[in-house]
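S.K.: Sequence plus the predicted model coming up.
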Amino acid sequence: MIITGRNKRAIEDHFDRSIELELELERKHKDALLQEIKAISDLVNIQYVRQQTPKGLGHAILCAKNFVGNEPFAVLLGDDVVDAEEPCLKQLMQVFEEKGQTILGVQQVARENVNKYGIVSGEKLGEHLHLVKTLVEKPDVEIAPSNIAILGRYIITPDIFPILEQTEPGAGLEIQLTDALKELAKIKEVYAYEFSGCRYDVGDKLGFLKATVEMALKRPDLHDDFMEYLMSVTGNVEQIYCKRS
Ligand code: G1P
């Protein structure tokens, strides 16, 4: 399911049939392109819910309450793209299978960037796993309890919904998922798992460019020509792939 909002119809349209375009491609016998276009609408069956007012991530998740019901669910934030050998969500699902409780996908970030994220701190249980004791949304560097940041991947138990219903607006005057998770951590175990992989913030201009370039270089059909182009504009592209953690 995708939680969308006013003026974001492009997402629904992207995964829908493009009848006019299909007819046009058929008429011009552009079969390969036609198949490519049709394949997008056959990819997945997506349900949409519209968040009528932008009241924050916590509020957006509350909009999905009836759809989710009494089940654990995954949250993937669209502006966090993770490139990993084993998909990030699969890594979190493996931890969920063992723990059966809420799991947050985290990575360490540079100290000066903690004010961009939900930050967790707690007890280290293993190389990658932490038992979360507290969370704070976008703390100032001076008061941040750690540099372990939530990076847009969560598996959450339905216990979060009654908490979200009671959560008052927090940072940015929005209903923050992080604030509700902080309450959840007081009554249930909440874990943070430092996933392996490279995460891009495509909501940021530079992050968007980095993701675009690196994803393009990974495509065998584009790699050689695109690399040649990059070399021509930069003079020397030595190592631009994101270092995997
Ligand atoms: C949201 C969450 C924050 C999280 C971040 C990851 O913030 O509120 O806790 O760390 O996504 O990208 P946003 O980037 O929407 O402001």
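M.R.: Yep, that arrived. Numbering: from 1, shown residues only.

S.K.: What sits closest to Glu183 if chain neighbours are left out?
M.R.: Distances taken as C-beta to C-beta, 6 or more residues apart in numbering place Ile163 nearest to Glu183, at 4.8 Å, with adjacent residues excluded. The C-beta positions use only the backbone N, C-alpha and C, and glycine is treated the same way.

S.K.: Now do the same contact list for the closest residue to Glu174 other than its chain neighbours.
M.R.: If the residues on either side of it in the chain are set aside, Glu174 comes closest to Gly56, at 2.7 Å by C-beta to C-beta, 6+ apart. Residues in contact with Gly56, defined by C-beta atoms under 8 Å, 6 or more residues apart in numbering, are Pro169, Gly172, Glu174, Ile175, Gln176, Leu177.

S.K.: The first one is in what secondary structure piece?
M.R.: Looking back up the chat, that one is Pro169. In the assignment (DSSP states H and E), Pro169 maps to no helix and no strand.

S.K.: Tell me the spacing between it and the ligand.
M.R.: To the ligand, Pro169 is 13 Å away according to C-beta to the nearest ligand atom, to the nearest Å.

S.K.: hang on, isn't that residue packed against Thr53?
M.R.: No: using C-beta atoms under 8 Å, Pro169 is not in contact with Thr53, being 11.8 Å away.

S.K.: Those two: which is more packed in?
M.R.: Neighbour totals were compared for Pro169 and Thr53, and Pro169 leads with 14 against 8 (other C-beta atoms under 10 Å).

S.K.: related to what we said a few turns ago, now the contacts of Gly56 in CSV, with secondary structure and pLDDT?
M.R.: What follows is the contacts of Gly56, written out as CSV (DSSP: H, G, I helix; E, B strand; the rest coil; pLDDT from 0 to 100):
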residue, secondary structure, pLDDT
Pro169, coil, 94
Gly172, helix, 89
Glu174, coil, 94
Ile175, coil, 96
Gln176, coil, 96
Leu177, helix, 97
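
S.K.: what secondary structure does Ile61 sit in?
M.R.: Secondary structure, DSSP: H, G, I helix; E, B strand; the rest coil: Ile61 is helix.

S.K.: Give me the nearest residue to it, chain neighbours excluded.
M.R.: Closest to Ile61 by C-beta to C-beta, 6+ apart is Leu177, at 6.0 Å.

S.K.: Which residue does this structure have closest to the ligand?
M.R.: Taking C-beta to the nearest ligand atom as the measure, the point where the chain comes nearest the ligand is Gly118, at 2.5 Å.

S.K.: Name whatever forms a beta bridge with that residue.
M.R.: Using DSSP bridges, the beta-bridge partners of Gly118 come out as Glu137.

S.K.: Show me what the mean pLDDT comes to for stretch 104-124.
M.R.: For stretch 104-124, the mean pLDDT works out to 96.

S.K.: which ones are touching Val50?
M.R.: Quick fix: residue 50 is Arg, not Val. Counting by C-beta under 8 Å, 6+ apart, Arg50 has contacts Ile3, Thr4, Gly5, Arg6, Cys63.

S.K.: Show me where the chain has its helices.
M.R.: 9-14, 19-27, 31-43, 57-62, 65-68, 88-99, 160-166, 177-187, 205-218, 223-234 (DSSP state H).

S.K.: So which other helices or strands are in contact with the second one?
M.R.: Counting by 3 or more C-beta pairs under 8 Å, 6 or more residues apart in numbering; DSSP states H and E, the packing neighbours recorded for helix 19-27 are helix 31-43.
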